[in-house]
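J.: Would you be able to build a 3D model of this:
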Amino acid sequence: MRILLGITGGIAAYKAANLIRAFSEAGHEVTVLPTENALRFIGQPTLEALSGHNIDIDMYSDVEKVRHVSLGQDADAIVVAPATAAFLGRLAAGIADDLLMNAILASEAPIFLAPAMHTEMWQNPATRANIQTLEERGIRIMEPASGRLTGEDSGPGRMPEVEEIFDFVLSLGALRGKKVIVTAGGTREPIDAVRYIGNSSSGRMGIEIAKAARDQGADVTLIAANIEAVLPAGIKIEHVSTVDDLEIAMDHPSDILVMAAAVSDFKVEKPYPGKLKRSGSMELTLTATKDLIAAYSANHQNAYCVGFALADNDADLEQVARQKLWDKGLKLVVGNRVSALGTKDTSVLLVENDKASELTGTKQEVAKALVAFISQSVSV
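T.: Numbers count the residues shown, from 1 in each chain. Below is the predicted model of the structure:
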């Protein structure tokens with residue numbers, strides 16, 4: 001594979017040296033294209049020695065070869081690591097102000113970005129908007145790692161490790177070739193034409209699980225139940241609303257099913273066809289909805305089915321999760337408490353037949369750890 005490796009001007013630029021070596025040692029041809037600012041952080045001789053190619057970032061040298069176009073057209077994949085906040089903004093706006101930006105805009109190759117910046121910059125609304133724009137265009141963007149940054153700062157924004165970027169680009173993750181279905185969000189059961197019985201699930205955990213599975217090389221379908229958040233690129237998305245919609249959407253074979261959606265336990269027996277008027281009190285007759293994950297587990301016995309169990313704060317979480325594991329014929333149940341809903345960080349209990357283990361961290365960190373746990377279990 002011919003890989004065009006862009007390097008932008010951040011302190012993490014030094015990590016690109018090992019990324020060049022990793023791609024080259026795997027037999028890929030690497031053309032390195034640093035920005036002018038990147039060369040302030042890593043020397044040109046180092047990049048030339050590792051890649052085996054001369055580096056010339058001048059837009060106006062070898063004009064007759066139309067390098068600003070041919071570099072992008074000749075690439076089978078474009079990787080930018082690190083990708084700074086400034087670069088993300090220019091790419092989102094389509095500003096072709098240097099050789100790297102011209103090459104990217106002239107290419108039809110898949111694009112992979114590994115952002116690296118301070119936490120506040122990564123979380124800034126402008127950066128988030130640029131990420132959303134780029135993902136909507138099909139550009140695959142790794143989530144930065146969390147940890148020590150420049151100076152004494154610590155948090156999300158570290159450039160991922162070389163091995164992670166390598167696997168992300170080449171889809172060499174532990175779930176390569178696996179079909180994964182993830183449900184997320186919350187179902188809504190109509191009362192009338194405008195009202196419904198629903199819940200407050202944002203779908204964030206399911207989204208993070210789908211992204212983590214995608215980054216491990218899986219073929220992922222995310223079934224999104226009434227989710228307002230931006231949905232990730234590189235994943236097949238199916239939108240649903242009711243329990244019946246969800247049942248139809250998820251009724252397909254898979255290697256792994258992660259049932260992260262909050263599914264309504266009841267629905268109105270006879271929804272009103274129009275809009276109900278306010279007229280004092282009213283009665284609703286509710287009927288139980290179908291147990292979707294139990295039915296899926298019974299009908300797709302080769303699938304590794306993962307359920308979620310939400311327990312009251314004073315309940316025995318392991319016992320609640322283990323009971324669900326047995327009742328529904330699942331391989332794994334992720335237990336969490338009502339007190340964790342809506343919090344930035346989360347803590348969950350992974351319950352199998354013979355053991356239980358705890359995961360804590362942000363939803364992104366927990367999702368990655370959960371997918372790693374599932375990957376290991378599936379491969380055993």
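J.: With residue 259 as the reference, measure out to the closest residue to residue 40 other than its chain neighbours.
T.: Nearest non-adjacent residue to residue 40, counting by C-beta to C-beta, 6 or more residues apart in numbering: residue 9, 6.2 Å away. (Glycine included, C-beta is placed from N, CA and C.) From residue 9 across to residue 259, the span is 44 Å (C-beta to C-beta, to the nearest Å).
J.: out of these two, which sits in the busier spot?
T.: residue 259 (27 against 18; other C-beta atoms under 10 Å).
J.: backbone phi and psi for that one, please?
T.: Per-residue torsions, residue 259: phi -90, psi 80 (degrees, to the nearest 10).
J.: do residue 336 as well
T.: Main-chain dihedrals, residue 336, degrees, to the nearest 10: phi -140, psi 170.
J.: Could you tell me whether residue 33 really is in a strand?
T.: Yes: under DSSP: H, G, I helix; E, B strand; the rest coil, residue 33 falls within a strand.
J.: and it, what pLDDT?
T.: Predicted confidence (pLDDT) for residue 33: 93.
J.: from memory it sits against residue 100, does it?
T.: Yes: with contact defined as C-beta atoms under 8 Å, residue 33 reaches residue 100; the gap is 5.0 Å.
J.: can you tell me the helix or strand for the residue nearest to residue 40?
T.: Assigned by DSSP states H and E, residue 9 belongs to neither a helix nor a strand.
J.: okay, and the common contacts of residue 33 and residue 100?
T.: Common neighbours of residue 33 and residue 100, using C-beta atoms under 8 Å, 6 or more residues apart in numbering, are 6, 57.
J.: Name the residues of stretch 289-297 that are buried.
T.: Under the neighbour-count criterion of 16 or more other C-beta atoms under 10 Å, stretch 289-297 has 289, 292, 293, 294, 296, 297 buried.
J.: Skipping adjacent residues, who's closest to the fifth one in space?
T.: Pointing back at residue 296 there. Per C-beta to C-beta, 6+ apart, closest to residue 296 is residue 257, 6.0 Å.
J.: Make TSV from the buried residues of stretch 289-297 and add pLDDT and secondary structure to it.
T.: Below are these laid out as TSV (pLDDT from 0 to 100; DSSP: H, G, I helix; E, B strand; the rest coil):
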residue	pLDDT	secondary structure
289	95	coil
292	97	helix
293	97	helix
294	96	helix
296	97	helix
297	96	helix
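J.: Name the nearest of those relative to residue 56.
T.: Here the nearest of these to residue 56, counting by C-beta to C-beta, is residue 296; it sits at 56.2 Å.
J.: Please parse this protein into its domains.
T.: Residue ranges for the domains of the chain, per automatic domain parsing: 2-170, 179-379.
J.: By mean pLDDT, show me the worst of those domains.
T.: Across the domains of the chain, the lowest-scoring stretch is domain 2-170, with a mean of 88.
J.: The helix or strand where residue 104 lies - contacts with which helices or strands?
T.: Assigned by DSSP H and E, residue 104 falls within helix 99-105. The contact analysis (3 or more C-beta pairs under 8 Å, 6 or more residues apart in numbering; DSSP states H and E) places helix 99-105 against strand 2-7, strand 29-34, helix 67-73, strand 77-83, helix 85-93.
J.: Recalculate using a threshold of 6 Å.
T.: Here helix 99-105 touches helix 67-73, going by 3 or more C-beta pairs under 6 Å, 6 or more residues apart in numbering; DSSP states H and E.
J.: in the helix it packs on, what's buried?
T.: Here helix 67-73 shows 67, 68, 71, 72 as buried, counting by 16+ other C-beta under 10 Å.
J.: Could you point out the helix or strand that follows the helix holding residue 104?
T.: Following helix 99-105 toward the C-terminus (DSSP H and E): strand 111-115.
J.: to the chain's geometric centre, what's the distance from stretch 36-51?
T.: Centroid separation between stretch 36-51 and its chain, computed with C-alpha atoms, centre = their mean, to the nearest Å, is 31 Å.
J.: mind checking the end-to-end distance for it?
T.: In stretch 36-51, first residue to last residue: 18 Å (C-alpha to C-alpha, to the nearest Å).
J.: Now do it: everything it contacts.
T.: 7, 8, 9, 13, 14, 17, 20, 21, 30, 32, 54, 55 (C-beta atoms under 6 Å, 6 or more residues apart in numbering).
J.: which one of those sits closest to residue 375?
T.: Closest to residue 375, out of all of the contacts of stretch 36-51 and judged by C-beta to C-beta, is residue 21, at 25.9 Å.
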